[in-house]
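*Asks:* The following block contains a protein sequence and its predicted model.
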Amino acid sequence: MSDGAAKLTREQLAARVARDIPEGAYVNLGIGLPTLVANYLPADGDYFLHSENGLLGMGPAPAPGLEDGDLINAGKQHVTLLPGGSYFHHGDSFAMIRGGHIDICVLGAFQVAANGDLANWHTGDADAIPAVGGAMDLAVGARQVFVMMEHLTRGGASKIVERCTYPLTGVGCVKRIYTDLAVIDVTDQGLRVRELVAGLSLARLQALTAAPLLGGI
Amino acid sequence: MSDGAAKLTREQLAARVARDIPEGAYVNLGIGLPTLVANYLPADGDYFLHSENGLLGMGPAPAPGLEDGDLINAGKQHVTLLPGGSYFHHGDSFAMIRGGHIDICVLGAFQVAANGDLANWHTGDADAIPAVGGAMDLAVGARQVFVMMEHLTRGGASKIVERCTYPLTGVGCVKRIYTDLAVIDVTDQGLRVRELVAGLSLARLQALTAAPLLGGI
Amino acid sequence: MIDKSLFSPAQAVADIPDGAVVLVGGFGMAGMPTELIEALIDQGARELTIVSNNAGNGDTGLAALIGAGRVRKILCSFPRQADSQRFDDLYRAGRIELELVPQGTLVCRLEAAGAGLGAIFTPTGHGTLLAEGKETRVIDGRPHVLEYPIHGDYALIKAHRGDRWGNLVYNKSARNFGPIMARAAACTIAQVSEVVALGELNPEAVVTPGIFVKRVVRT
Amino acid sequence: MIDKSLFSPAQAVADIPDGAVVLVGGFGMAGMPTELIEALIDQGARELTIVSNNAGNGDTGLAALIGAGRVRKILCSFPRQADSQRFDDLYRAGRIELELVPQGTLVCRLEAAGAGLGAIFTPTGHGTLLAEGKETRVIDGRPHVLEYPIHGDYALIKAHRGDRWGNLVYNKSARNFGPIMARAAACTIAQVSEVVALGELNPEAVVTPGIFVKRVVRT
């Protein structure tokens, strides 16, 4: 549907997001796709990964056989702790989040609106069992909220919308959107396209996107 | 002025208060006179002394030469920590106080009113520099607030009053008053005398006290 | 001599009555007080209100308590998981009540309870379904939601080591909700891997001072 | 490589501007960041607002800063002490403003700032002079006072050991306000007795994780 445009793979998208994270940043990576970003942060730099279940300085997955059920990330995957990392309780962890101490969080999304509204916890389905976790805290608390998602749903609908139809996670909180087709800033003037994948025109991206886009590359 | 009544010394008063502290109690002793109570808690029992500057399981003063400027109590005196004690920050310390985790606090007072109002931080003097410390937190937070004081001021005025004339520390917070002349409970019916020192009659105590007293020994 | 250590989980949970509000530590299975919950299932208390981050995983611990039909209501942030079938079934059948709370709001409501605060204004959740009907206020240009403390009658938590005065240290990310639940409940019961002699825990490294803990059981 | 350790207190406090709100750790002299304050005196910043439990003791540390006339206003719980002459003189001369705050309210206002809460209802101080003019509310039958966060531009604290990522541990009761001030300020500067290699601090026993600390100086 992107007509030969070089749609990014999940790994390429993760690498693209990682490029915008400066050394020394305190970063929370949401469950799912955002978790991949960790794999693309330069190994020779100091990046501080926070996990809301009480870890700072989170390291990669342990070698097989070295998993520890007491050392997991927010997605309940086995992880490690880097030298210089620390453990703390949920009170301290959410003080970090809500208190504006996390520089960047990267979240997945169902929908992002032109005004930066984020919907990522609930489809509104009557039969769905809702679960929110720490997403609403990250949405209001992190200094910068990046969204990382596929541009379109499996059904081909735009996940970027004029107004979210799903229940909100946070109001006007998203600063930048990374998709498999483009990098888009949420600005006071509206959605401004910063990057397009190779072979994709702004006009074509606009045709795929259910909210007005501004050029600005 | 108590006519041969066996007025308690400061040490006797401290010992009397100590008798009402059960083993296992979490206790905060205010600055000054209340600090003496620690000396009369049975050495063979476990009593948990809390100091608002971040100590639980506070022990006695160190031997001369072993003082540590980083190990002090709320009155800034050198103390020790018992095995099983712990250090924590002010946030945790005042969660203990405000959150109702301290069973008993013993405070000094300028005035206590018949309804349990406490005044112990400020004489209201225009020239005085006010200082409140943790007294207001202890007054509202401890499960039981005991006041320990001389019954009369140096000038012979009753420190137990119908209504405090000094600025309040807490409203209706005092449960029991220990003076050098009597032990008095603050009840819904009023001030009920529980004990008198030897040689003192209720009538004589009433004559010395500026609020109505109920018998009840 | 004060000794808060008990011989068995059964003894530790014996007095939890029907209808109690029970805070249950853990994030997934890390920090889940499985043995205490099993004892609570055997004990038989019903109509419980549970406060926990998740609504049980698999078939053990909190999932088993829910599966046994002992839970009337649960307050949590993340019930839906791949392995939350016990909860999912009862929820879909309308047999368990859910109060969904953002994780950080669950945290600060527990902290408010432990610290004796009456209520707090938090920015989290403003403008969302989870703040509907709640009092709001703009403070310093930013909208906030008024949230109230969550007090537990009991807290069941899992720590690593404890002593007879109730001091606790935890293991890695299993610490999670333990310390904040310990202080939010009237009666906190901790299961530990080891009860050590008084003074063996470094006083600089005690995470939960004994004042917040009533009972300690080695499991 | 991120290295938050600096060579000198002078370097650490160089950018503190006139008029800054500076949180100063310590309870009496325990935990007082004396060397950082001396550097601040030398640096010359004026019209400071200081938040600290006391208003200085003797002639060093905070007392010296106050004595040098650099402090416009102080928020504290216990200014009056046997050795608070520097403050007493200026206060009596009307040359320093005092906002007296109950110690636990100072604490929860700093905690609210660090944790991003907009305001809190606390029972402390209700019905007293120190709550006059403040909004009150009865919650669950109990009167409360509404209190707002205290945010610092800077915090100056003293810890025991630190590392290049800013992780800190403290010494005994010198811990006091350090950890809660560290998180309430935009820029926290810690003086430590020793800067240790990364990984030397036990991750279970780190009291202030480095996320709350911008600069570390050995003194």
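*Replies:* Yep, that arrived. Computed from a prediction, not measured in an experiment: that's the story for all the values here.

*Asks:* which residues does the residue nearest to residue A:200 when sequence neighbours are not counted contact?
*Replies:* The spatial neighbour of residue A:200 that comes closest, neighbours along the chain excluded (CB to CB, 6 or more residues apart in numbering or on different chains), is residue A:5 at 3.7 Å. For every residue, glycine as well, the C-beta is placed using N, CA and C. Going by CB atoms under 8 Å, 6 or more residues apart in numbering or on different chains, residue A:5 touches A:181, A:196-200, A:204.

*Asks:* What is the most widely separated pair among those residues?
*Replies:* Greatest spatial distance in the contacts of residue A:5: A:198 and A:204, 12.3 Å, computed using CB to CB.

*Asks:* Could you check which of those two has the larger neighbour count?
*Replies:* Neighbour count, other CB atoms under 10 Å in any protein chain shown: between residue A:198 and residue A:204, residue A:204 has more, with 16 against 9.

*Asks:* quick one: secondary structure of that one?
*Replies:* Secondary structure, DSSP: H, G, I helix; E, B strand; the rest coil: residue A:204 is helix.

*Asks:* Now do the helices in chain A.
*Replies:* With helices called from DSSP state H, chain A shows them at A:10-19, A:90-98, A:135-141, A:202-208.

*Asks:* Next: chain C.
*Replies:* All helices of chain C, identified by DSSP H, fall at C:9-13, C:34-43, C:62-67, C:85-92, C:103-115, C:178-182.

*Asks:* give the contact list for the closest residue to chain C within chain A.
*Replies:* At 3.3 Å from chain C, residue A:137 is the closest residue in chain A, using CB to the nearest CB. For residue A:137, the contacting residues are A:52, A:94, A:97-98, C:102-105, C:124, by CB under 8 Å, 6+ apart.

*Asks:* what's the distance between it and residue C:184?
*Replies:* Distance, residue A:137 to residue C:184, by CB to CB, to the nearest Å: 18 Å.

*Asks:* pLDDT below threshold where in chain A?
*Replies:* Across chain A, the ranges flagged by pLDDT under 70 are A:1-3, A:217.

*Asks:* How about the contacts made by the closest residue in space to residue A:181 that isn't next to it in sequence?
*Replies:* The spatially closest residue to residue A:181, leaving aside those adjacent along the chain, is residue A:151, at 4.3 Å (CB to CB, 6+ apart). Applying CB under 8 Å, 6+ apart to residue A:151 gives the contacts A:158-160, A:179-182, A:208-209.

*Asks:* how about a cut-off of 10 Å?
*Replies:* A:1-2, A:7-8, A:158-160, A:177-182, A:184, A:197, A:200, A:205, A:208-209 (CB atoms under 10 Å, 6 or more residues apart in numbering or on different chains).

*Asks:* same question, residue A:169
*Replies:* With CB under 10 Å, 6+ apart, residue A:169 has these contacts: A:107, A:109-112, A:117-122, A:132, A:135-140, A:145, C:102, C:125, C:127-130.

*Asks:* Show me how to select, in ChimeraX, the buried members of those.
*Replies:* To isolate the buried members of the contacts of residue A:169 in ChimeraX, using 16 or more other CB atoms under 10 Å in any protein chain shown:
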select /A:107,109,110,111,112,117,118,119,120,121,122,132,135,136,137,138,139,140,145 /C:102,125,127,128,130
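
*Asks:* Who's the closest spatial neighbour of the residue in chain A that chain D sits nearest to, skipping the chain neighbours?
*Replies:* Using CB to the nearest CB, the closest approach of chain A to chain D is made by residue A:83 at 2.9 Å. Closest residue to residue A:83 apart from its sequence neighbours, by CB to CB, 6+ apart: residue D:199 at 2.9 Å.

*Asks:* Confirm for me that the one you found is in contact with residue D:206.
*Replies:* No: applying CB atoms under 10 Å as the test, residue D:199 and residue D:206 come out as separate, 11.1 Å apart.

*Asks:* can you list residues touching both of the two?
*Replies:* Common contacts of residue D:199 and residue D:206 (CB under 10 Å, 6+ apart): A:57, A:84-85, D:163, D:165, D:167.

*Asks:* Which one (most neighbours) among these?
*Replies:* When neighbours are taken as other CB under 10 Å, the top entry among the shared contacts of residue D:199 and residue D:206 is residue D:167 (32 neighbours).

*Asks:* OK, contacts around residue A:11?
*Replies:* Contact analysis of residue A:11 by CB under 10 Å, 6+ apart lists A:36, A:39-40.

*Asks:* Any residues of chain C in contact with chain B? List them.
*Replies:* The interface of chain C toward chain B, taken as CB under 10 Å from any CB of the partner chain, is made up of C:1-4, C:111-117, C:149, C:151, C:163-167, C:179-180, C:183-184, C:186, C:197-212.

*Asks:* wait, residue C:193 sits on residue C:171?
*Replies:* Yes: Residue C:193 is within contact range of residue C:171, at 7.8 Å (criterion: CB under 10 Å).

*Asks:* list residues touching both of those two?
*Replies:* Common neighbours of residue C:193 and residue C:171 (CB under 10 Å, 6+ apart) are C:158-161.

*Asks:* and the closest residue to residue C:22 other than its chain neighbours, how many neighbours does it have?
*Replies:* Nearest residue to residue C:22 in three dimensions, chain neighbours excluded: residue C:154, at 4.9 Å (CB to CB, 6+ apart). Residues contacting residue C:154 under the criterion other CB under 10 Å number 26.

*Asks:* bridging residues for residue C:154?
*Replies:* Note on residue C:154: beta-bridge partners residue C:22, residue C:187, judged by DSSP bridges.

*Asks:* Kindly report the same for the one 4 residues further on.
*Replies:* On DSSP bridges, the residues paired with residue C:158 through beta bridges are residue C:191.

*Asks:* check contacts around it.
*Replies:* By CB under 10 Å, 6+ apart, the neighbours of residue C:158 are A:70, C:24-26, C:29-37, C:61, C:168, C:170-171, C:174-176, C:178, C:190-193, C:219.

*Asks:* Assess the claim that residue A:182 and residue A:214 are in contact.
*Replies:* No: the criterion here is CB under 10 Å, and residue A:182 misses it with residue A:214 at 12.0 Å.
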